[in-house]
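Colleague: Fold the following and give me the result.
(3 chains)
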Amino acid sequence: MQTQYILELIGTGFFAISGALAANDKAQPDWFGAGFIGFITAIGGGSLRDILLGSYPLVWIHDINFVFAIILGVIMASVFFKTLIKLRKAFFFFDTIGIAMFTIVGTEKAMSMGVNPIIAAIMGMFSAVMGGVIRDVLTNEIPVIFKKEIYATACLFGAILYLCLEYLGCERNLNFLVSALLIIIIRIVAVKKNLSIPKFIKERN
Amino acid sequence: MQTQYILELIGTGFFAISGALAANDKAQPDWFGAGFIGFITAIGGGSLRDILLGSYPLVWIHDINFVFAIILGVIMASVFFKTLIKLRKAFFFFDTIGIAMFTIVGTEKAMSMGVNPIIAAIMGMFSAVMGGVIRDVLTNEIPVIFKKEIYATACLFGAILYLCLEYLGCERNLNFLVSALLIIIIRIVAVKKNLSIPKFIKERN
Amino acid sequence: MQTQYILELIGTGFFAISGALAANDKAQPDWFGAGFIGFITAIGGGSLRDILLGSYPLVWIHDINFVFAIILGVIMASVFFKTLIKLRKAFFFFDTIGIAMFTIVGTEKAMSMGVNPIIAAIMGMFSAVMGGVIRDVLTNEIPVIFKKEIYATACLFGAILYLCLEYLGCERNLNFLVSALLIIIIRIVAVKKNLSIPKFIKERN
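Modeller: As a prediction, the model looks like this:
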């Protein structure tokens, strides 16, 4: 669990970086605004999950290390901006690890509160994607997950796999790894092959 | 109450349909995005009400049937898209029944938590309209309730009537029916006669 | 505390006025829409703080006087619109007093729930600025705090000063006054001198 905790902190920091960078692309905020949006991107998904579940205290309010990870992320986003742009591929990779991990952690947390597995899968996905949705709403964009990328769907599949394997008695750490890997693979393949989900309704009159 | 429960499920499904269709008009989402927006439109109002009141667990987390109703709604929205467009009038009618019902259910739920009747009326209205507000924010539109339609105001009047009749000792089921009917009638008359509320401030300098 | 309570009510009313006026500038809502946005602007920050902290019941749900203050504010915004435009300077002054007060009240409330002081400072700032953020999102604008004004940063500095002075044993009412004054002074100086925070990232490629 120690490893997982450290990975969660790193993942949170990466969320803050991606939030600050995305905000910069769209809204050209000042230092404070970028930090604010990075902060909300990083805490948004987990906070919404916990508020919907009524699970208090929220993780980042209970454990200040997550706030430090976020602050560090925002500072790094500004200082190493040019390097991060060049490292876009590495960045994409870490971001994908982040969402994979948050999905499974979120699913587990919901299950631990005794909800229906369908709800748990939804909560796992929410944990991973809602920070980005809030970020897009704040920067006045239509959330990217509604349109382009196989992103939230990958999370949903990973959460469902996790729940199935748990039901079948799979050992927890192995299950965590396998389910997170599924999310990572779907996402990478989707981006490499430029796959997308069909439009909801093709014919428009 | 059995009848009411089934009506609530149907109403939730209709909210999901209207959310998915509205999302399609504006953001042209993929299948997943339409489902996501339909889901949030359907759960948004009730969830916000329960979060503001601190009433846990949220209805749809407690009772998975609401999630099934939403999934069914989204599928129907896609499969029967052309038919639904032709049935716009019937659709408007069911949508109006939905908001009427959710208003009264929301008002009742708030009252059962011992809040001031003014708060209860606001919560009733929130239950009915906030899903649509969140939907509009997600699709990057100024929420329609701020502008065109006598919609939220109708809900508010219905909630107030319900509270008055309850205060006067009116039987609950009769009260539910009469108050919901007031909302339905105001809304239908407003749309038929093209009524609207005066602008907040007419003179602009 | 009696004085503070009355000031809080007045501050809430001013938030509602500023919300309704800002909404009118942007979305040209009807009467109901302006009231709705004014209402959400006034309750948004404090409600978000309490929901994040899990502090129930929310202030305005517990104490109906805040709802009356909001309704009064919205009515005044419409009736005295022209006068309020002329009194823009006085208005700015009262608005600044409002955010200063809400910051310190919010910080105190968070501290009373036993959170880390860093979290308390963030909560203090959220109390003051999040209503405006929600208002801007609802009217389809990029929140003003991300860009132009030294506004949220002033709140953050005030909250930090309050926490430092409290740690050093400063008497509560004096501390309240001094910390609020810091926020007011930073904000007024920033506007007078047209100060702003540097852009997050200057070079854009």
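
Colleague: For the residue nearest to the spatial centre of chain A, give its distance to A:A180.
Modeller: In chain A, the residue lying closest to the centroid (CA atoms, centre = their mean) is A:A128, at 2.9 Å. Per CB to CB, to the nearest Å, A:A128 is found 11 Å from A:A180. To be clear about C-beta, it is placed using only N, CA and C from the backbone, and glycine gets the same treatment.

Colleague: so what's in contact with those two at the same time?
Modeller: Residues within reach of A:A128 and of A:A180 at once, by CB atoms under 8 Å, 6 or more residues apart in numbering or on different chains, are A:100, A:103.

Colleague: show me where pLDDT drops low in chain A?
Modeller: Where chain A drops to pLDDT under 70, the residues are A:1, A:27, A:85, A:88, A:147-149, A:197, A:200-205.

Colleague: Chain neighbours aside, what residue packs nearest to the residue in chain A that chain B sits nearest to?
Modeller: For chain A and chain B, the shortest gap (CB to the nearest CB) falls at A:F146, measuring 3.1 Å. Nearest residue to A:F146 in three dimensions, chain neighbours excluded: B:G33, at 3.1 Å (CB to CB, 6 or more residues apart in numbering or on different chains).

Colleague: what about that neighbour, helix or strand, and which?
Modeller: Following DSSP states H and E, one finds B:G33 within helix B:31-53.

Colleague: Report the distance from that helix to the chain centre.
Modeller: Per CA atoms, centre = their mean, to the nearest Å, the displacement of helix B:31-53 from the mean C-alpha position of its chain is 11 Å.

Colleague: One more: stretch A:39-59?
Modeller: Distance, stretch centre to chain centre, for stretch A:39-59: 12 Å (CA atoms, centre = their mean).

Colleague: I'd like to know the phi and psi angles of A:T3, please.
Modeller: Main-chain dihedrals, A:T3, degrees, to the nearest 10: phi -60, psi -50.

Colleague: Contacts only, for it.
Modeller: Going by CB under 8 Å, 6+ apart, A:T3 touches no other residue.

Colleague: and the helix holding B:G33, what other elements does it pack with?
Modeller: helix A:31-53, helix A:152-167, helix B:2-27, helix B:59-62, helix B:65-79, helix B:88-112, helix B:117-138, helix C:31-53 (3 or more CB pairs under 8 Å, 6 or more residues apart in numbering or on different chains; DSSP states H and E).

Colleague: Compare those helices and give me the one nearest A:G98.
Modeller: Nearest to A:G98, of all these, is helix A:31-53, at 9.6 Å by CB to CB.

Colleague: B:A20 is in contact with the residue of chain A closest to chain B, correct?
Modeller: No. In this structure, A:F146 is not within contact of B:A20 by CB atoms under 8 Å, at 11.2 Å.

Colleague: what is in contact with those two at once?
Modeller: With CB under 8 Å, 6+ apart as the test, A:F146 and B:A20 both reach B:34, B:37.

Colleague: which of these two has more neighbours?
Modeller: Shown here are A:F146 and B:A20; by other CB atoms under 10 Å in any protein chain shown, B:A20 has more neighbours (32 against 25).

Colleague: so what's A:A23 closest to, chain neighbours aside?
Modeller: A:I37 is the one closest to A:A23 (CB to CB, 6+ apart), at 3.8 Å.

Colleague: Next, the contact list for the one you found, please.
Modeller: Taking CB under 8 Å, 6+ apart as the contact definition, A:I37 lies against A:19-20, A:22-23, A:27, A:29, A:135, A:138-139, C:146.

Colleague: which of these lies closest to B:I197?
Modeller: A:L138 (29.1 Å).

Colleague: Determine the number of other residues adjacent to the closest one.
Modeller: By the criterion of other CB under 10 Å, A:L138 has 25 neighbours.

Colleague: I'd say it and C:I145 touch.
Modeller: No. Using CB under 8 Å, A:L138 makes no contact with C:I145, being 10.1 Å away.

Colleague: residues shared between the contacts of these two?
Modeller: The contact sets of A:L138 and C:I145 overlap at C:V133 (CB under 8 Å, 6+ apart).

Colleague: could you list every residue that touches A:T103?
Modeller: Going by CB under 8 Å, 6+ apart, A:T103 touches A:124-125, A:127-128, A:155, A:158-159, A:179-180, A:183.

Colleague: any chance of the residues you listed in TSV, with distance to B:I99 too?
Modeller: Converted to TSV, these look like this (distance: CB to CB, whole Å):
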residue	distance to B:I99
A:G124	31
A:M125	28
A:S127	31
A:A128	32
A:C155	32
A:G158	36
A:A159	32
A:S179	40
A:A180	41
A:I183	38
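
Colleague: how far away is the residue nearest to A:V133 when sequence neighbours are not counted from A:G132?
Modeller: Spatial nearest neighbour of A:V133, chain neighbours left out: A:P143 (4.5 Å); criterion: CB to CB, 6+ apart. Distance, A:P143 to A:G132, by CB to CB: 7 Å.

Colleague: just A:T12 next, same as before
Modeller: From A:T12 to A:G132 the distance is 13 Å (CB to CB).

Colleague: try A:F157
Modeller: Shown here: A:F157 relative to A:G132, a distance of 18 Å by CB to CB.

Colleague: and the residue of chain A nearest chain C?
Modeller: Nearest residue of chain A to chain C, counting by CB to the nearest CB: A:G33, 3.1 Å away.

Colleague: pretty sure that residue is in contact with C:F146, am I right?
Modeller: Yes. Using CB under 8 Å, A:G33 is in contact with C:F146, at 3.1 Å.

Colleague: list the buried ones in stretch A:166-173?
Modeller: Across stretch A:166-173, burial judged by 16 or more other CB atoms under 10 Å in any protein chain shown covers A:166, A:170.

Colleague: Contacts for it next, please.
Modeller: With contact meaning CB under 8 Å, 6+ apart, stretch A:166-173 is reached by A:111, A:117, A:175, A:178.

Colleague: If we use 6 Å, what do you get?
Modeller: For stretch A:166-173, contacts defined as CB atoms under 6 Å, 6 or more residues apart in numbering or on different chains pick out A:N175.

Colleague: what's the closest of the contacts of A:I37 to A:M101?
Modeller: Closest approach to A:M101 among those (CB to CB): A:G19, at 16.6 Å.

Colleague: what about the residue nearest to the closest one when sequence neighbours are not counted, how many neighbours?
Modeller: Distances taken as CB to CB, 6+ apart place A:T41 nearest to A:G19, at 2.6 Å, with adjacent residues excluded. Applying other CB under 10 Å, we find 30 residues neighbouring A:T41.

Colleague: Repeat that for A:L48.
Modeller: Neighbours of A:L48 under the rule other CB under 10 Å: 20.

Colleague: Repeat that for A:P198.
Modeller: When neighbours are counted by other CB under 10 Å, A:P198 registers 10.

Colleague: For the closest residue to it other than its chain neighbours, the count of nearby residues, please.
Modeller: Leaving aside its sequence neighbours, A:P198 sits nearest to B:W31 (CB to CB, 6+ apart; 5.8 Å). Neighbours of B:W31 under the rule other CB under 10 Å: 17.

Colleague: now A:V115
Modeller: A count of nearby residues for A:V115, using other CB under 10 Å, gives 20.

Colleague: what's near enough to touch A:Y56?
Modeller: Here A:Y56 is in contact with C:G54 (criterion: CB under 6 Å, 6+ apart).

Colleague: secondary structure class for it?
Modeller: coil (DSSP: H, G, I helix; E, B strand; the rest coil).

Colleague: Dihedrals phi and psi, it?
Modeller: The phi/psi pair for A:Y56 (degrees, to the nearest 10) is phi -110, psi 150.

Colleague: Likewise for A:L181?
Modeller: According to degrees, to the nearest 10, A:L181 has phi -60, psi -40.

Colleague: if I pick the closest residue to it other than its chain neighbours, what's in contact with it?
Modeller: Nearest in space to A:L181, with sequence neighbours left out and distances taken as CB to CB, 6+ apart, is A:A100 at 7.5 Å. With contacts defined as CB under 6 Å, 6+ apart, A:A100 is in contact with A:180, A:183-184.

Colleague: Residues of chain A that sit close to chain C?
Modeller: Counting by CB under 6 Å from any CB of the partner chain, chain A comes close to chain C at A:24, A:27, A:29-34, A:56, A:61, A:64, A:67, A:78, A:81, A:137, A:140.
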